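Q: model this:
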Amino acid sequence: MWTVACLLVVLAATPTPVTGAAPQADPSASSSEEALRRYAQARLLEERGSSAEAMAEYYRILAIDPGSKTVALRLSELAGQIGDAPRSLELAEHVLKSHPDDPRALWLRGSARFNLDQREAGLADLAHAVELDSTTTEYSRSLGRAAEDLNRVDLVARAYHNVVQMDWDDDESWFQLAAADARLGRFQEAQWALHEALEPSADRPGAQFLQGWVAEGLGQRDSAIIFYRRHLEIHAADQVTRARLVHLLGAQGRFDEALKEARVVAAASPDDLDALEDVADLAYHTGHADEGKRALAKMEAIDPDSPGGLGRRLDVLARNQRTKEASEAAKRWSDQHPGDYRGPLLEARALAMGGKPEAALAPAQRATAMAPDSLAPRLVLARVQQDQRHYTAAAATWEETAQRFPKEVGVALDYAFCVQESGDTARAERIARDALGRFPDDARVLNFLGYLLADANRELTEAEQLVGRAIELEPDNGAFIDSMGWVYYRQGRLADARRELERAVSLTGGDAVVREHLGDVYRGLGLPDLARDQYRRALAADTGNSRVKNKLQKLP
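A: From the prediction side, this is the model:
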């Protein structure tokens with residue numbers, strides 16, 4: 001059936017040459033006088049809107065001159081426009097037999113395939129057409145629409161980037177490029193594209209949301225909140241955006257406002273566990289314990305007995321210093337399910353999140369013994385040991401886990417981290433380099449090894465290259481930006497370090513380690529008041545950090 005989706009690509013074509021396309025030539029010079037006369041007649045019929053009669057003339061030309069590429073392509077295009085995708089495909093393939101790299105034929109075949117639900121093959125044809133001719137904007141627009149339909153965001157971004165290079169004033173393509181860049185996590189690029197898209201008018205649909213999303217990705221939380229609220233003034237029923245607003249308000253410490261918005265989300269979707277969890281969390285945090293209990297009760301009614309559902313409820317209690325309630329609930333579930341390792345695992349999680357890692361150790365060990373081939377208990381056990389700063393024990397647990405689960409890159413990095421914290425930097429580097437050999441394009445591995453080298457103040461050129469590659473993969477990752485700032489600091493490039501670390505503070509929402517790094521840079525620049533402010537903020541988030549306390553005391 002010819003549906004709206006089928007029209008996605010082909011109806012972008014017009015009876016005249018598409019924008020940016022080379023003018024279509026007349027039939028070949030070897031054509032007969034009759035073929036040339038019929039071609040002129042067919043073009044005239046097209047201009048009058050008589051497509052069926054024009055197509056009849058084109059078919060007569062093909063009977064006279066079967067090798068006419070121009071006529072076959074024109075017929076393929078007209079067939080697509082009237083919804084005859086099979087005929088459009090047949091004619092495009094006729095041309096491709098003798099001209100396999102003709103971009104227009106590939107574009108037409110890709111469009112026809114896409115509309116015949118051969119979407120992957122169609123996308124490949126469209127991408128090939130753009131590779132052969134990136135200057136014809138209609139090829140790139142078609143690729144962008146098809147890639148969007150298949151959620152190939154990388155191709156969406158590439159396609160609309162081509163379009164705006166050819167047509168700088170195409171506001172819609174700039175907007176599509178901004179959205180694609182944001183989905184790829186390239187928020188700086190998205191911000192630039194969005195500026196171009198909205199320069200003529202900021203009142204286009206979706207603009208406020210996209211501006212909020214980009215601002216959020218760049219760590220500009222207050223701006224993101226403003227944009228999301230403006231969007232919700234127009235689209236009050238958009239609970240997905242409202243949920244993002246809830247989390248942003250919470251991250252900014254605006255808990256009463258966050259709770260008010262969370263109630264709206266939960267009221268709109270009474271069975272949404274995420275929404276109820278937000279309400280429970282914020283209600284406890286703002287002193288509305290009864291409301292928090294009611295929200296947890298609703299969560300339990302929706303998912304009464306699964307360990308995953310219980311785990312969510314325990315997390316809420318533990319995050320709000322109700323460790324006793326959480327551990328008792330976990331113990332009850334464990335007693336009701338003897339022999340199930342998830343019982344002691346839930347106990348360990350609740351105690352660890354509630355700030356009692358010592359008490360969490362025993363149930364974590366029990367869970368690991370009950371399920372030695374399961375990853376989850378080992379992760380919890382190692383993190384409990386890590387939280388207690390028992391780095392040697394944690395490293396041993398991570399080592400065994402890494403041997404059992406060699407494809408878990410995060411395990412390898414935690415293993416290297418604990419080895420480093422236990423004082424063996426050389427061994428930590430070997431572990432990290434081994435991980436890099438197995439996962440050469442993993443941004444986390446690249447960043448970890450680069451930061452490790454910078455922290456050890458050696459191989460700084462390599463460290464810069466490694467972190468730079470990580471940032472290429474994730475341009476707006478605050479942790480990676482922090483690493484680059486730290487590399488610059490070690491290199492003595494304090495102005496560069498300041499630029500990167502100030503951005504990293506924004507992107508990470510004021511992470512304590514990043515603030516300490518920025519304080520070190522300010523101190524190196526002879527700005528003691530700014531350094532003092534960063535050290536104090538770092539201590540507010542990590543009150544037991546003796547290293548930062550010493551730095552603060554030594555400031556003039």
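Q: helices or strands up against the strand or helix carrying Val156?
A: Assessed by DSSP states H and E, Val156 sits inside helix 153-166. On a contact count with 3 or more C-beta pairs under 8 Å, 6 or more residues apart in numbering; DSSP states H and E, helix 153-166 meets helix 119-132, helix 137-149, helix 171-183. For glycine as for every other residue, the C-beta is placed from the backbone atoms N, C-alpha and C.
Q: how about it: buried residues?
A: Going by neighbour count (16 or more other C-beta atoms under 10 Å), the buried part of helix 153-166 is Val153, Leu155, Val156, Ala157, Arg158, Ala159, Tyr160, His161, Asn162, Val163, Val164.
Q: ditto for stretch 439-453
A: Those would be 439, 442-453, for stretch 439-453 by 16+ other C-beta under 10 Å.
Q: do the same with stretch 112-120
A: Ala112, Arg113, Phe114, Asn115, Gln118, Arg119.
Q: end-to-end on that stretch?
A: Terminal residues of stretch 112-120 lie 12 Å apart, using C-alpha to C-alpha, to the nearest Å.
Q: tell me the mean pLDDT for it?
A: Averaging pLDDT along stretch 112-120 yields 94.
Q: again with stretch 274-293
A: Stretch 274-293 shows a mean pLDDT of 97.
Q: how long is it end to end?
A: With C-alpha to C-alpha, one end of stretch 274-293 sits 15 Å from the other.
Q: List the buried residues for it?
A: 275-285, 288, 291-292.
Q: what sits up against that stretch?
A: Applying C-beta atoms under 8 Å, 6 or more residues apart in numbering, the contact partners of stretch 274-293 are 239, 243, 246-247, 250, 255-256, 258-259, 262-263, 265-266, 268-269, 295-296, 298-299, 302, 312-313, 316-317, 319-320, 322.
Q: Make a PyMOL selection of the buried ones in these.
A: A single PyMOL command selects the buried members of the contacts of stretch 274-293 (16+ other C-beta under 10 Å):
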select buried, resi 239+243+246+250+255+258+259+262+263+265+266+295+296+298+299+312+313+316+317+319+320+322
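Q: got a list of contacts for stretch 502-518?
A: With C-beta under 8 Å, 6+ apart, stretch 502-518 has contacts from 218-221, 251, 476-479, 481-482, 485-486, 489, 498, 501, 534-535, 537-539, 541-542, 545, 547-548, 551.
Q: So which bits of it are buried?
A: Those would be 502-508, 510-518, for stretch 502-518 by 16+ other C-beta under 10 Å.
Q: ditto for stretch 56-72
A: Glu57, Tyr58, Arg60, Ile61, Leu62, Asp65, Ser68, Lys69, Thr70, Val71, Ala72.
Q: same deal with stretch 196-209?
A: So, applying 16+ other C-beta under 10 Å, buried residues of stretch 196-209: Glu196, Ala197, Leu198, Ala207, Gln208, Phe209.
Q: Please identify which of the residues you listed is nearest to Arg349.
A: Phe209 (34.8 Å; C-beta to C-beta).
Q: burial of the residue nearest to the closest one when sequence neighbours are not counted, as a residue count?
A: In space, Phe209 comes closest to His231 once its chain neighbours are excluded; the distance is 4.5 Å by C-beta to C-beta, 6 or more residues apart in numbering. Other residues near His231 come to 23 when the count uses other C-beta atoms under 10 Å.
Q: does His231 really touch Ala237, like I thought?
A: No - taking C-beta atoms under 8 Å as the definition, His231 is not a contact partner of Ala237, at 11.5 Å.
Q: State the number of residues packed around Gln252.
A: For Gln252, using other C-beta under 10 Å, the count is 15.
Q: which ones are touching it?
A: Arg221, Asp222, Ile225.
Q: Torsion angles phi and psi at it?
A: phi -90, psi 0 (degrees, to the nearest 10).
Q: returning to that earlier point: and which of the buried residues of stretch 439-453 is nearest to Glu148?
A: Ala443 (25.1 Å).
Q: I'd say the closest one and Leu473 touch.
A: Yes - applying C-beta under 8 Å, one finds Ala443 in contact with Leu473, separated by 4.1 Å.
Q: Sort out for me which of the buried residues of stretch 502-518 are in strands.
A: Among these, DSSP state E puts none in strands.
Q: Select, from the residues you listed, the two members most distant in space.
A: Among the buried residues of stretch 502-518, Arg503 and Ala512 lie farthest apart (C-beta to C-beta), at 16.7 Å.
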